[in-house]
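K.L.:
3D, please:
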Amino acid sequence: MDQPNVGSTFRPQGIEAGVHLYLSSAEGDIGALFGQRVCGLPITLSLCPVTEWIDAADVAASAVAVVQVDADSPASIKRFEKLAEMSRTPLIAATYEPPLALVRSLLKSGAHDVVPLPLTLEELEASVTQVRAEPEVQAATTTPARTAHGKLVLFIKSRGGIGATAIASQLACRYAAAEARAHREACLIDLDIQFGDAAFQLGLHPRLSVCDLVEAGARLDGQLLRSVAAVHPSGLNVVAAPGQLMPLDAVSSDQVIAVIDRATREFGTVFVDLPANWTNWSLSLIARADKILLVTELSVAALNRARRQLDLLSEQDLGKVPLQLVVNRNVRKLLGGGSAIKLADVEQALGRAVDFTVTDDPEVLAAAIERGVPLDEIRRKSAIGKDLDTISAALAADFGLER
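P.N.:
Residues are numbered from 1 along each chain as shown. Have a look, this model is predicted:
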């Protein structure tokens, strides 16, 4: 990975919790609300029909949610009641000329306030101020609820062409198969948006890609994510890289984080294959990862790049991320023409121990990639398969997953 165009110090970027509006149309002063803040919180908007279901996981990302209710639609009222039952985020109901009976009903069902439509900044400010002053809301703010999120595992490569994607795809398959036996799911997202071919290496040819998730914006939910992901026979859900080259800066940190956050809410473990070049959004993901696997090989060029990447992480205050070093194409016995670099040389060059090695077995791996199948379909109990099983088991143990 090459160094991104960032300042002297990188600050991890994420989606700031704010006041999210779920409205059926942008009437009244809604347009004037964009770029404004209420009680110091940013305002965001999702346009959706008053009866369309709102994912409680999406609401959980907001500090306060304002949800439109149609007084004449029982389905709309039921939607709000069900959402209030499932969500711990403070909800404000918004409706046109609500009758007193409806106001009482909404407050009883869990609404923290009811505001009239069309919505104005003054009304919204007053309502949010009142809601955030409530003792139970203040308590929830100071002691946030623990949410069940999946584990995030990132693959970064010291340089292109060292087989990191092959390791990521084959490891993810073996991991997913073991997880399926424990009734858990895993997902692999190929974020190498220029040269990613993880899906292709696994024999998958999905029509949709990660770009469809990025472009979905506020429409992104679990159902859409699963419709984009292709399911491998191992049980692994694979979100492919786009079929056409696109600039790395065509997507933002917020867009990428939204996709990854959705994936970690949907699946138990999410593997992400990052591009060889550094971007601000790849650094943002590193700051959020539960495990990072830096893949290198026994060559001077690869180790030099790996050293520079470790230095960059340290410079950007990311030196303490949970990173482990994987040496690919390791030759167990030095043969004629083999690399003269030993694992001890790697540790001396990088200033850290080698955590995992993956045996150099080009005959088995190349055949698996060409046929788009798991390693075991080429050769059962191969050395490279055994090495990947060791990494898979170590990840499961680190995450406290019983198999």
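K.L.:
when you work out contacts or count neighbours from here on, use the C-alpha atoms and nothing else.
P.N.:
Will do.
K.L.:
what segments of the stretch 201-350 of the chain are strands?
P.N.:
230-231, 237-239, 269-273, 291-297, 323-330 (DSSP state E, counting those that start in this stretch).
K.L.:
would you turn the ones you listed into TSV with distance to residue 180, mean neighbour count and mean pLDDT?
P.N.:
Output for the strands of the stretch 201-350 of the chain, formatted as TSV (distance: least, Cα to Cα, whole Å; neighbours: other Cα atoms under 10 Å; pLDDT from 0 to 100):
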stretch	distance to residue 180	mean neighbour count	mean pLDDT
strand 230-231	12	20	92
strand 237-239	11	28	95
strand 269-273	11	27	96
strand 291-297	20	24	93
strand 323-330	25	20	89
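K.L.:
OK, contacts around the spatially most central residue of the chain?
P.N.:
Note on the chain: the residue nearest the mean C-alpha position is residue 260, at 1.4 Å, using Cα atoms, centre = their mean. For residue 260, no contacting residues are found, by Cα atoms under 8 Å, 6 or more residues apart in numbering.
K.L.:
could you do residue 189 as well?
P.N.:
Contacts of residue 189 (Cα under 8 Å, 6+ apart): 210, 238, 239, 240, 241, 270, 271, 272, 273.
K.L.:
how about a cut-off of 7 Å?
P.N.:
Contact analysis of residue 189 by Cα atoms under 7 Å, 6 or more residues apart in numbering lists 238, 239, 240, 271, 272, 273.
K.L.:
grab the two from the residues you listed that are most spread out in space.
P.N.:
240 and 271 (12.1 Å; Cα to Cα).
K.L.:
if we go by neighbour counts, what in the strand or helix carrying residue 366 is buried?
P.N.:
Element membership for residue 366 (DSSP states H and E) is helix 362-371. By neighbour count with 16 or more other Cα atoms under 10 Å, helix 362-371 contains the buried residues 364, 365, 367, 368, 369.
K.L.:
how about a markdown table for those, with pLDDT and distance to residue 377 added?
P.N.:
Listed next are the buried residues of helix 362-371 as a markdown table, based on pLDDT from 0 to 100; distance: Cα to Cα, whole Å:
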| residue | pLDDT | distance to residue 377 |
| --- | --- | --- |
| 364 | 90 | 9 |
| 365 | 90 | 11 |
| 367 | 91 | 10 |
| 368 | 89 | 8 |
| 369 | 90 | 11 |
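K.L.:
closest to residue 380 among those?
P.N.:
Nearest member of the buried residues of helix 362-371 to residue 380, counting by Cα to Cα, is residue 364, at 10.0 Å.
K.L.:
now for the closest one: which residues touch it?
P.N.:
Neighbouring residues of residue 364 by Cα under 7 Å, 6+ apart: 375, 378, 379.
K.L.:
try 8 Å this time
P.N.:
Contacts of residue 364 (Cα under 8 Å, 6+ apart): 375, 378, 379, 382.
K.L.:
and the third one, which helix or strand is it part of?
P.N.:
Counting by DSSP H and E, there is no helix or strand that carries residue 379.
K.L.:
count of residues packed around it?
P.N.:
The burial count assigned to residue 379 is 16, neighbours taken as other Cα atoms under 10 Å.
K.L.:
once you drop chain neighbours, what's closest to it?
P.N.:
Closest residue in space to residue 379, ignoring its immediate chain neighbours: residue 364 at 6.9 Å, by Cα to Cα, 6 or more residues apart in numbering.
K.L.:
same check, this time on residue 194
P.N.:
Counting by Cα to Cα, 6+ apart, the residue nearest residue 194 is residue 245, at 4.6 Å.
K.L.:
thought the one you found was touching residue 193?
P.N.:
Yes: look at residue 245 against residue 193 with Cα atoms under 8 Å: they come within range, at 6.8 Å.
K.L.:
the two: which is more packed in?
P.N.:
Using other Cα under 10 Å, the more surrounded residue of residue 245 and residue 193 is residue 193, with 24 against 12.
K.L.:
mind listing what that one touches?
P.N.:
Here residue 193 is in contact with 241, 242, 245, 246, 247, 248, 275 (Cα under 8 Å, 6+ apart).
K.L.:
which stretches in the stretch 251-400 of the chain count as helices?
P.N.:
Assigned by DSSP state H, counting those that start in this stretch, the helices in the stretch 251-400 of the chain fall at 253-266, 280-286, 300-315, 343-350, 362-371, 383-398.
K.L.:
give me the helix or strand of this protein that scores worst on average pLDDT.
P.N.:
helix 135-142 (a mean of 52; mean pLDDT, DSSP states H and E).
K.L.:
isn't residue 22 right up against residue 67?
P.N.:
Yes: counting by Cα under 8 Å, residue 67 is a contact partner of residue 22 at 4.8 Å.
K.L.:
quick one, which of these two is more surrounded?
P.N.:
residue 67 (25 against 22).
K.L.:
what about that one, helix or strand, and which?
P.N.:
Going by DSSP H and E, residue 67 is part of strand 64-68.
K.L.:
can you give the contact residues for that strand?
P.N.:
Contacts for strand 64-68 (Cα under 8 Å, 6+ apart): 18-24, 50, 59, 80, 89-95, 128.
K.L.:
let's see 7 Å
P.N.:
Strand 64-68 has contacts (Cα under 7 Å, 6+ apart) with 18-23, 50, 59, 89-95.
K.L.:
now, which of the residues you listed sits nearest residue 181?
P.N.:
residue 59 (31.7 Å).
K.L.:
check contacts around the closest one.
P.N.:
Residue 59 neighbours (Cα under 7 Å, 6+ apart): 65, 89.
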